[in-house]
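[1] I would like to see how this sequence folds:
(2 chains)
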Amino acid sequence: ETGVTQSPTHLIKTRGQQVTLRCSSQSGHNTVSWYQQALGQGPQFIFQYYREEENGRGNFPPRFSGLQFPNYSSELNVNALELDDSALYLCASSFGGGMDADTQYFGPGTRLTVL
Amino acid sequence: AQSVTQLGSHVSVSEGALVLLRCNYSSSVPPYLFWYVQYPNQGLQLLLKYTSAATLVKGINGFEAEFKKSETSFHLTKPSAHMSDAAEYFCAVSDGGGFKTIFGAGTRLFVKA
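    The predicted structure is shown next:
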């Protein structure tokens, strides 16, 4: 059984650029959630994808968007990067969407630095 | 709205001593409660979860937590700290098992030799 993997591990971008982060869910899982963890803080829920549809969103602007593919892997896209977007981005996979989602399993994260 | 408060951003214990990390939650519905551990430059690992089955929940690595509805608390304990327990610990709450999980700010645990 493979765990949740994320790529890349580190990324450096400049303000205004766009970035795409990738996540492969754990085998058997059909739901992916994305979280942003700023330095010294707890993770904050960005959104969840269940069966290729967005299924819940936290308090993040529309320039944060995502995709889920038929194999349940997922992408997080951030447009018009701002300095405050510098953070660790965590992906978590689970089985079942919304309130029925089972326990989440987290990947190692992608560290994004915006200069 | 749900929220989580972790009391103490840093906790220091001696090796072999009791570990107690405090968490209080707010939820308008019966909550799902979690404790996660994060080692430097790594993702989150689930220690244990409460889903209304039993109020005392046992997790991995000797950790356990007790759900106290009257106190809206879900404190994490371990009878004897080990050096390998040094990490960041997050308490979290959600309506469902893995949906819109709200995390606390974290407590950094230091273990002294």
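
[2] and chain A, which of its residues are near chain B?
    Proximity of chain A to chain B, by C-beta under 8 Å from any C-beta of the partner chain, involves residues A:4, A:31, A:33, A:35, A:40-45, A:48, A:56, A:58, A:90, A:92, A:94, A:96-109, A:111. C-betas here are computed from N, CA, C, even on glycine.

[3] Of those residues, which belong to strands?
    A:31, A:33, A:35, A:44-45, A:48, A:56, A:90, A:92, A:94, A:105-106, A:111 (DSSP state E).

[4] Quick check: the two most widely separated of those residues?
    A:56 and A:111 (24.9 Å; C-beta to C-beta).

[5] quick one on the thing from earlier: format the ones in strands among the residues of chain A next to chain B as CSV; extra columns: distance to residue B:42.
    Conversion of those to CSV gives the following (distance: C-beta to C-beta, whole Å):
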residue, distance to residue B:42
A:31, 22
A:33, 18
A:35, 14
A:44, 18
A:45, 19
A:48, 22
A:56, 25
A:90, 10
A:92, 14
A:94, 19
A:105, 13
A:106, 9
A:111, 11
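
[6] So which of those residues wins on neighbours?
    Ranked by neighbour count (other C-beta atoms under 10 Å in any protein chain shown), these have residue A:33 at the top, with 30 neighbours.

[7] Quick check: it touching residue A:92?
    Yes. Counting by C-beta atoms under 8 Å, residue A:33 does reach residue A:92; the two are 4.7 Å apart.

[8] Run through the residues that contact residue 30.
    Since no chain was named, I'll use chain A. A:50, A:51, A:72, A:95, A:96, A:97 (C-beta atoms under 8 Å, 6 or more residues apart in numbering or on different chains).

[9] Switch to chain B, please.
    residue B:52.

[10] hang on, it in a strand?
    No. Assessed with DSSP: H, G, I helix; E, B strand; the rest coil, residue B:30 is coil; it does not lie in a strand.

[11] what does stretch B:10-26 contact?
    B:1-8, B:31, B:33, B:35, B:63, B:65, B:71-83, B:85, B:89, B:91, B:93, B:104, B:107-113.

[12] distance between the ends of stretch A:95-105?
    Distance across stretch A:95-105, first residue to last, is 10 Å (C-alpha to C-alpha, to the nearest Å).

[13] An error on my part: the question was meant for stretch B:19-37.
    For stretch B:19-37, the first-to-last residue distance is 14 Å (C-alpha to C-alpha).
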